[in-house]
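In: I'll drop the sequence and a predicted model, then ask my questions.
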Amino acid sequence: QAQSHGGNQYQFYQAEMKPISVETLAIETDLRRAIVADQFQVLYQPQIDLKTGEIIGAEALIRWHHPERGLMSPAQFIPIAEESDLIIALGEWVLHTACSQGKKWHELGLEPIKIAVNLSARQFTQIHLKPRLLKILQSTGFNPKYLELEVTESVLVQHVSSTIQIMNDLKALGIQISVDDFGTGYSSLIYLKQFPFDTLKIDQRFVRNLTADSRDAAITLAIIQMAHSLNLKVIAEGVETDAELAVLRQNQCDAIQGYLFSRPIPACEFEVFLNTHRTLYSR
Ligand code: C2E
Ligand code: MG
Ligand code: MG
Ligand code: MG
């Protein structure tokens, strides 16, 4: 069933009447071929420890070089992949790529860094997650204690007891878990004591107004203090200015990620960073 929806855009409706645009269908079709066609790339954004100024980790962020559409950001295709099983294969490709890259960096003999990989809710709850992760860790030789999985609050509001079980299983392998975009979802604070997280990532929407809006500063400070009282680490996302950095340091934020130090960059550029600017600023 197709229906006109303003202009000359048509929408198709699934059984549950969720609109799917022609554009979405086209992207989904292309996504199915994109892994085999080698159109994806993983970029890495450094995470910097605020006490030492050292790069302590890298977040793996996917990009799609679409043959006609050009460079596509994850916001343009991850939600589409999440609507189907595609996210499983795509997510596994990212995990494999990031772990094998992490292994290479560890082999450089530098202080080992952590690799953080984003996991969709759907990936998190698939029954084969643990065996698949084990297989990836085994085939890449990456030490699981340096792997961090980033989940959003959407994972937490699913089935609480089974999610706790999954997280404990992963933690038993040595894997760390962080909550991405913290403070922007629908979960409640009660989850903070129930789930075995290691790190909270303060969303960039709080960081963005840190120096202009005292309310955002108050929220950020409260998150940091609460996290520390619960023995969690805090990393701030989207740090773009020295002023933001100063406020975060002053409030004992543990680490940051943001354009101030680097955008997400290809592995080869990241390696130059590791070799030459391991410490991004002095104490
Ligand atoms: P995220 O996990 O919260 O990642 C942080 C996003 O903020 C990234 O956008 C990053 O490029 C951007 N960013 C970092 N520093 C700054 C800054 O200083 N200023 C601004 N304005 N932005 C900054 P990106 O790479 O476009 O990714 C967007 C989202 O897509 C991610 O948000 C994550 O939710 C999702 N995503 C990315 N890669 C994957 C993946 O491999 N799997 C899954 N499931 N999701 C992914
Ligand atoms: Mg993330
Ligand atoms: Mg985030
Ligand atoms: Mg996000």
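Out: All right, it came through fine. Numbering: from 1, shown residues only. Ligands and ions are numbered 1, 2, ... in the order given.

In: got the residue ranges for the strands in the stretch 1-150 of the chain?
Out: 2-4, 10-13, 19-21, 40-49, 55-66, 70-72, 114-118, 147-151 (DSSP state E, counting those that start in this stretch).

In: ok, the last one near ligand 2 or not?
Out: Yep, that's strand 147-151 we're talking about. Yes - counting by C-beta under 5 Å from the ion, ligand 2 is contacted by strand 147-151 at Glu150. All C-beta atoms are positioned from the backbone trio N, CA, C, and that covers glycine.

In: tell me the angle that strand makes with strand 55-66.
Out: Going by axes from the mean of the first three to the mean of the last three C-alpha atoms, to 10 degrees, strand 147-151 is angled at 60 degrees with respect to strand 55-66.

In: give the other helices and strands that strand 147-151 contacts.
Out: Applying 3 or more C-beta pairs under 8 Å, 6 or more residues apart in numbering; DSSP states H and E, we find strand 147-151 packed against strand 114-118, helix 121-125, strand 176-182.

In: can you check which of the ones you listed gets nearest to ligand 3?
Out: Nearest of the helices and strands packed on strand 147-151 to ligand 3, taken as C-beta to the ion: strand 176-182 at 4.2 Å.

In: and the angle from that closest one to strand 114-118?
Out: Using the same axes, to 10 degrees: strand 176-182 against strand 114-118 is 50 degrees.

In: could you pull out the helices for the stretch 151-283 of the chain?
Out: Counting by DSSP state H, counting those that start in this stretch, the stretch 151-283 of the chain has helices at residues 153-156, 160-172, 190-194, 204-207, 214-229, 242-250, 267-276.

In: could you dump the first one to CSV, C-alpha only?
Out: Taking Å, rounded to 0.1, in the frame of the first residue of the first chain, the C-alpha atoms of helix 153-156 are listed here in CSV:
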residue,chain,number,x,y,z
GLU,A,153,20.0,3.4,27.7
SER,A,154,17.7,1.7,25.2
VAL,A,155,19.4,-1.5,26.1
LEU,A,156,18.7,-1.0,29.7
